[in-house]
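Visitor: give me the fold of what follows.
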Amino acid sequence: MTPRSPGVLAAARRLADDVLFPDAIRVDSLDAVPVAQLDALAAEGLYGTSVSRQAGGLGLDLLTTCAVTEELAGGCLATTFVWLQHRGLVMTLAAETTPAPLRDRWLDPASQGKVRGGIALTGLIPGPPLLRARPVEGGEGWRLDGKAPWVTGWGLIDLLLVVARGPQDSVVSLILDAAAQPGQTVTRQRLAAVNASVTVQLDFDGVVVPAGRLVSQEPFDPAASLRPDRLRINGSLALGVAGRCARLLGPGPLDDELAACRAQLDDALTADTDAMAEARAAASALAFRATAALAVRDGSKSIMADQHPPRLAREALFLLVFGSRPPIKSALLRRLGARPV
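Guide: Numbers count the residues shown, from 1 in each chain. Take a look at the predicted model:
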């Protein structure tokens with residue numbers, strides 16, 4: 001399988017090389033990604049990558065979207081991380097099962113990046129629920145209680161797709177305004193990498209969401225978060241970091257390893273969870289090694305705060321744990337010489 005739409009990929013690489021990468025060190029030191037960075041992505045139509053052309057998007061398939069993500073991540077991971085969250089919202093709005101009033105109101109501006117979204121998929125995590133949604137008496141809406149520990153882009157997004165555990169072992173998907181409201185507490189998460197992504201913890205204590213903001217209520221499937229197609233795209237973030245290191249190092253063995261990791265991820269799409277877990281682990285481990293190689297090559301200046309190697313190394317560390325699942329974690333621990341959990 002190979003990506004399509006070479007013009008879109010060329011635009012993504014141009015943005016990464018000419019806009020994102022030259023400013024990545026400065027952005028790394030900021031409290032929030034500059035809105036101008038996100039505006040540049042919107043101007044190229046990249047907020048609608050996965051939305052059909054008929055609905056106002058670019059109509060890219062998954063592999064091409066992954067290739068775009070890889071290019072952008074090689075420019076500035078913090079910016080790409082904020083942008084990538086939007087995909088969950090816009091794909092939900094584009095789904096045929098989404099109520100027409102929600103789709104009609106927001107799909108077009110979301111596809112253009114005029115309305116920007118984030119995600120809080122806490123309800124999909126197996127185990128005891130961290131966030132619950134219960135119907136409000138009288139059918140006027142849904143009450144949210146609990147917490148969403150990782151919500152990215154706060155202050156940079158307009159809408160938040162929230163997935164919580166509902167009655168009768170269900171998952172409830174709701175669209176909230178990404179703004180202060182009664183019963184909601186926002187706590188900034190200070191990160192060692194991509195801190196400019198403005199990642200926060202949201203605590204909900206009786207936050208009421210109007211009934212008209214309900215997207216769906218479906219049976220909870222613990223295996224849903226382990227589907228290969230859902231795990232693939234985050235692997236492109238690691239490929240992007242590794243690829244930037246390879247380009248800074250110049251032609252060498254890392255180029256072949258990068259291509260092999262990409263092919264492994266793509267092949268795992270038609271395999272099972274274990275295959276995708278191994279592929280994700282391989283990509284994250286490669287990014288980690290690539291940043292180490294760059295630091296060694298550049299020598300003592302690699303410990304200076306205004307250099308790319310320490311930034312990329314912290315990003316690689318971040319990607320060892322971001323978007324992970326137990327099978328990915330176990331595969332990574334084996335690669336790193338530790339006992340799997």
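
Visitor: the nearest residue to Q184 once chain neighbours are set aside: neighbouring residues, count only.
Guide: Nearest in space to Q184, with sequence neighbours left out and distances taken as CB to CB, 6 or more residues apart in numbering, is V207 at 5.2 Å. In this view, the C-beta of every residue, glycine as well, is placed from N, C-alpha and C. V207 is surrounded by 22 other residues when neighbours are defined as other CB atoms under 10 Å.

Visitor: so what pairs up with G141 in the strands?
Guide: In this structure, G141 bridges to P210 when assessed by DSSP bridges.

Visitor: what number of residues lie near it?
Guide: Taking other CB under 10 Å as the criterion, the count of residues near G141 is 18.

Visitor: before we move on, back to that, and the residue nearest to Q184, how far is that from E218?
Guide: V207 sits 21 Å away from E218 when distances are taken as CB to CB, to the nearest Å.

Visitor: how is the residue nearest to Q184 assigned, secondary-structure-wise?
Guide: Judged by DSSP: H, G, I helix; E, B strand; the rest coil, the three-state class of V207 is strand.

Visitor: residues near the closest residue to D205 other than its chain neighbours, how many?
Guide: Spatial nearest neighbour of D205, excluding adjacent residues (CB to CB, 6+ apart): G183 at 4.6 Å. Residues lying near G183 (other CB under 10 Å) number 13.

Visitor: again with A305
Guide: Residues contacting A305 under the criterion other CB under 10 Å number 9.

Visitor: ditto for L62
Guide: Neighbour count for L62, taken as other CB under 10 Å: 16.

Visitor: residues in contact with it?
Guide: Shown here is L62, whose contacts under the criterion CB atoms under 8 Å, 6 or more residues apart in numbering are S50, D229, R232, I233, L269.

Visitor: how close does it sit to P228?
Guide: In this view, L62 and P228 are 10 Å apart by CB to CB.

Visitor: which neighbours do these two share?
Guide: The contact sets of L62 and P228 overlap at L269 (CB under 8 Å, 6+ apart).

Visitor: quick check: buried residues in the lengthiest helix in the chain?
Guide: Longest helix in the chain, counting residues (DSSP state H): helix 273-298. Neighbour-count burial for helix 273-298, counted by 16 or more other CB atoms under 10 Å, picks out 273, 275-295, 298.

Visitor: also stretch 105-122?
Guide: Using 16+ other CB under 10 Å as the test for burial, stretch 105-122 gives 106-113, 115-122.
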